[in-house]
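>>> Predicted model follows, preceded by the sequence.
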Amino acid sequence: MHYLQSILAIFHKEWREEKRTRFAVTSVLAFTASALLVMIFSIRAQYLDPTPKSGLMWIVLLFASLTAGAGSFLRERDRNTLLLLTIHAKPLAIYLGKLLYNTAFLCGLLLITLILYTFLLDVAIVGILSLVITLITASIGLAGVMTITSAMIAQADRKGALFSVLSIPLLVPLILLVTRTTRDAFITGNPEQVLSDYMALTGFCGVVITLGVLLFDYLLTAEG
Amino acid sequence: MKLWKWLTAVWLTGVLVAGFLIPLPRIPILEESARNLFLHVPMWFTMMVMFGIAFWYSIRFLNHGNLQNDHAASSATATGLIFGLSGLITGSVWARFTWGTWWTFAEPRMNLAAMSMLIFVAYFILRSAIDDPEKRARISAVYNIFGVVTAPFLLYIIPRQLPSLHPGAEGNPAFSEITAPELRYVFYPAVVGFIALAFWIYDVVKRTKKLEEISQQWNT
């Protein structure tokens, strides 16, 4: 019960922080919108097949979520509040609270981007169900990896492009899998065809979150 | 030099000589390039072994501390990376003679293997970004565990779901009754030989790191 309370408290704190400034939401949405517009216009994406269409969408989403995800622990670090957090909650609760918030945030971001994308490109969505499953698993997987890598770079002495360098290779399997399931949602809408992809996606999310739970302790100890 | 290193040197020389000289039955398309089997496949096996060792020492570091474990983990990752790159290069050469191109984006294994190499390149970038040895060891151990656990998605799971030319894909067995039996006589010794060579390289790299650490302590 105590754990659950602190997880919810962390979630609530993140939410209120975002509500106060609305920085992450607006910057990420502006990024996504401009990237989509440039991309669609410059390569005439409306004439493309569903495969590159879903691939392009996920590439934009990958970079958009990277711009949002880096801040998660970096902000705490910059304001020296990470230590404060560790006093109030166990590392596991911090991880799960941040993970929950990041998942919710990304889920909303992916949903809005998807709506924008289908509106701009006039894509027909055949399989609503497979798209919903894809969105949820993708946001869990993205958040799972990025919560951990964000905690890593918060401790690094040189940052630069480090966050993207660390996250992208780990996220490639996820992006490849969701590209395939999204394409399926655009063409056939029959989840059974890509059932093995969904299984692999579930496996990926499970692996990432299990590792996060097991290893997060080590990322916060001796912080100072 | 220890005895096992002499043995490795003699063994691997024997394997290479045999690999180039044994008569092979005529295999269509592959022809004499089938000898690449003795180089290409052991590279990947060796890479797996090295990444496995790095995984083991990363866990050991997180449990027991001790920077020696960290040296072992980073040396094993570096060695594994060398063998992975060699696997990519030998694979690329093989692709040139059988598929007609050095590199093809139609082949998932090739591209995803290169992608999984990038995980371990990122591991070294992460190491160079942190100054404090203790902290560097701890955080890079976590990243290493993450890398080793997600790499199988790139190397095993996704390639099996995509259409592929590479042996080992569906309807295209990597090693089966159609493989000439003569190949096996050299292939298995080659696997053993290259793994032993990797341990040798790993040993040298690890000892160099230890010496560097000692010389740094002397200087300060």
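Received the coordinates, thanks.

>>> roughly how far is the biggest helix by length in chain B from the heart of the chain?
Counting residues, the longest helix found in chain B (DSSP state H) is helix B:181-219. Its chain's average C-alpha position is 11 Å from that of helix B:181-219, according to Cα atoms, centre = their mean, to the nearest Å.

>>> So which elements touch that helix?
In terms of contacts (3 or more Cβ pairs under 8 Å, 6 or more residues apart in numbering or on different chains; DSSP states H and E), helix B:181-219 is packed against helix B:3-21, helix B:37-64, helix B:67-98. Placement of C-beta: from N, CA and C, glycine included.

>>> Would the last one count as contacting chain A?
No. Contact of helix B:67-98 with chain A is not found when judged by Cβ under 8 Å from any Cβ of the partner chain; the minimum separation is 12.6 Å.

>>> since we're on whatever residue of chain A ends up closest to chain B, how many residues are nearby?
Per Cβ to the nearest Cβ, A:Pro173 is where chain A lies closest to chain B, at 3.7 Å. When neighbours are counted by other Cβ atoms under 10 Å in any protein chain shown, A:Pro173 registers 27.

>>> tell me, what residue is most central in the chain?
As the question left the chain open, I've gone with chain A. Closest to where the C-alpha atoms of chain A average out (Cα atoms, centre = their mean) is A:Leu142, at 3.5 Å.

>>> actually chain B
B:Met47 (1.9 Å).

>>> contacting residues for that residue?
By Cβ atoms under 8 Å, 6 or more residues apart in numbering or on different chains, the contact set of B:Met47 is B:Gly80, B:Leu81, B:Phe83, B:Gly84, B:Gly87.

>>> Any idea how many residues pack against the residue in chain B that chain A sits nearest to?
Nearest residue of chain B to chain A: B:Phe153, at 3.7 Å (Cβ to the nearest Cβ). Counted with other Cβ under 10 Å, the neighbours of B:Phe153 add up to 23.

>>> what about the nearest residue to B:Gly193 once chain neighbours are set aside, distance to A:Thr210?
In this structure, B:Gly193 finds its nearest non-sequential neighbour in B:Leu12, 4.1 Å apart by Cβ to Cβ, 6 or more residues apart in numbering or on different chains. In this view, B:Leu12 and A:Thr210 are 40 Å apart by Cβ to Cβ, to the nearest Å.

>>> who's more crowded, these two?
B:Leu12 (18 against 12).

>>> does the more buried one really touch B:Phe199, like I thought?
No. Between B:Leu12 and B:Phe199 there is no contact under Cβ atoms under 8 Å: 11.9 Å.

>>> Can you list the buried residues in the longest helix of chain B?
Using 16 or more other Cβ atoms under 10 Å in any protein chain shown as the test for burial, helix B:181-219 gives B:183, B:186-187, B:189-191, B:193-202, B:205-206, B:209.

>>> Quick one: residues contacting B:Ile195.
B:Pro42, B:Phe45, B:Thr46, B:Val49.

>>> Quick check on these: which are buried?
For these, buried by 16+ other Cβ under 10 Å: B:Pro42, B:Phe45, B:Thr46, B:Val49.

>>> Just put those in CSV and tack on pLDDT and distance to A:Lys98.
Formatted as CSV, those follow (pLDDT from 0 to 100; distance: Cβ to Cβ, whole Å):
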residue, pLDDT, distance to A:Lys98
B:Pro42, 91, 43
B:Phe45, 92, 39
B:Thr46, 94, 38
B:Val49, 95, 36
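
>>> which stretches of chain A have low pLDDT?
Within chain A, the stretches with pLDDT under 70 are A:1, A:189, A:191, A:221-224.

>>> I meant chain B, not that one.
Residues of chain B that meet the cut-off, pLDDT under 70, sit at B:168-180.

>>> Could you measure from the residue with the largest distance to the centre of chain A over to B:Leu7?
Distance from the C-alpha centroid of chain A, by Cα atoms, centre = their mean, peaks at A:Tyr47 (28.2 Å). Distance of A:Tyr47 to B:Leu7, given as Cβ to Cβ: 63 Å.

>>> Contacts only, for residue 48.
Chain wasn't specified; assuming chain A. With Cβ under 8 Å, 6+ apart, A:Leu48 has these contacts: A:Leu56.

>>> oops, I was thinking of chain B
Taking Cβ under 8 Å, 6+ apart as the test, what B:Met48 contacts is B:Gly80.

>>> can I assume A:Ala35 is in contact with A:Leu66?
No. Applying Cβ under 8 Å as the test, A:Ala35 and A:Leu66 come out as separate, 11.7 Å apart.

>>> out of those two, which sits in the more crowded spot?
Between A:Ala35 and A:Leu66, counting by other Cβ under 10 Å, A:Leu66 is the more crowded of the two (21 against 18).

>>> Tell me if I'm right that the more buried one and A:Ser164 touch.
Yes. A:Leu66 is within contact range of A:Ser164, at 5.4 Å (criterion: Cβ under 8 Å).

>>> Farthest-apart pair in the buried ones among the contacts of B:Ile195, please.
B:Pro42 and B:Val49 (10.2 Å; Cβ to Cβ).

>>> so can I have a markdown table of the helices and strands packed on helix B:181-219 showing distance to A:Arg158?
Shown next, in a markdown table, are the helices and strands packed on helix B:181-219 (distance: least, Cβ to Cβ, whole Å):
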| stretch | distance to A:Arg158 |
| --- | --- |
| helix B:3-21 | 38 |
| helix B:37-64 | 22 |
| helix B:67-98 | 18 |
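
>>> So for A:Ala154, which of those sits nearest?
The nearest among the helices and strands packed on helix B:181-219, by Cβ to Cβ, is helix B:37-64 at 18.3 Å.

>>> Kindly format the C-alpha coordinates of stretch B:5-23 as PDB.
In PDB, the C-alpha atoms belonging to stretch B:5-23 read as follows (Å, rounded to 0.1, in the frame of the first residue of the first chain):
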ATOM      1  CA  LYS B   5      48.200 -19.800 -25.700                       C
ATOM      2  CA  TRP B   6      50.800 -22.000 -27.500                       C
ATOM      3  CA  LEU B   7      48.200 -24.600 -28.000                       C
ATOM      4  CA  THR B   8      45.800 -22.000 -29.400                       C
ATOM      5  CA  ALA B   9      48.400 -20.700 -31.800                       C
ATOM      6  CA  VAL B  10      49.200 -24.100 -33.200                       C
ATOM      7  CA  TRP B  11      45.500 -25.200 -33.200                       C
ATOM      8  CA  LEU B  12      44.300 -22.100 -35.100                       C
ATOM      9  CA  THR B  13      47.200 -22.300 -37.600                       C
ATOM     10  CA  GLY B  14      46.200 -25.900 -38.200                       C
ATOM     11  CA  VAL B  15      42.500 -24.900 -38.600                       C
ATOM     12  CA  LEU B  16      43.400 -22.200 -41.100                       C
ATOM     13  CA  VAL B  17      45.700 -24.400 -43.200                       C
ATOM     14  CA  ALA B  18      43.100 -27.100 -43.200                       C
ATOM     15  CA  GLY B  19      40.300 -24.600 -44.000                       C
ATOM     16  CA  PHE B  20      42.100 -23.400 -47.100                       C
ATOM     17  CA  LEU B  21      43.400 -26.800 -48.300                       C
ATOM     18  CA  ILE B  22      40.800 -29.500 -47.700                       C
ATOM     19  CA  PRO B  23      39.100 -30.600 -50.900                       C
END
